[in-house]
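Engineer: predicted model and sequence below, questions to follow.
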Amino acid sequence: MEMEKIAHWAFAACVIIAIIMGLVVGYMFYNGNSIDTTNAYVTLVLLILGLIVGLINITSKEVTPFLIAAIALIVAAAANVWNPLGTIHELLSDWARFILNYIVAFVAPAAVIIAIRAVFSMEKAKPA
């Protein structure tokens, strides 16, 4: 299997992990269980995976679309637009919040690595 396919599947797997753990931790939170330790470990694992993906997964032609998507995810997570779901059922709001937070925990470090690489490549491209 070529490296591009492996990187694609690794990214997809990390998003699936973020979604599954968002559902699990959201359900734990809804039931009143303490989630501090679980939340910290899930976030740490996703941050590390995001760093790895940022280092190996994104090609130069994917930089701009990836950074725009990362910005959109971070803004959506910060906007708390999921709170109205709580009027339907509180669990829906918890699930949406944790899923989005975990996806952002995975994507944000990758975006930082990619943005730094983009700045360095722009510096190299400047005439001396």
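Structural biologist: Sure, I can see it. Numbers count the residues shown, from 1 in each chain.
Engineer: name the residues that touch the helix or strand of the chain with the lowest mean pLDDT?
Structural biologist: The helix or strand of the chain with the poorest confidence is helix 85-88; it has a mean of 78 (mean pLDDT, DSSP states H and E). Helix 85-88 is contacted from outside by Leu92, Ser93, Ala96, using CB atoms under 8 Å, 6 or more residues apart in numbering. C-beta here means a position set from N, CA and C on the backbone, and glycine is covered the same way.
Engineer: try 10 Å this time
Structural biologist: Leu91, Leu92, Ser93, Asp94, Trp95, Ala96, Arg97 (CB atoms under 10 Å, 6 or more residues apart in numbering).
Engineer: which of these sits closest to Phe120?
Structural biologist: Arg97 (34.7 Å; CB to CB).
Engineer: give the contact list for the closest one.
Structural biologist: Contacts of Arg97 by CB under 10 Å, 6+ apart are Gly22, Val25, Gly26, Phe29, Ala77, Asn80, Val81, Trp82, Asn83, Leu85, Gly86.
Engineer: after the least confident helix or strand of the chain, next one along is what?
Structural biologist: helix 90-125 (DSSP states H and E).
Engineer: report the buried residues of that next one.
Structural biologist: Within helix 90-125, the residues that qualify as buried by neighbour count (16 or more other CB atoms under 10 Å) are 91-111, 113-114, 118.
Engineer: for Ile58, what are phi and psi?
Structural biologist: phi -100, psi 130 (degrees, to the nearest 10).
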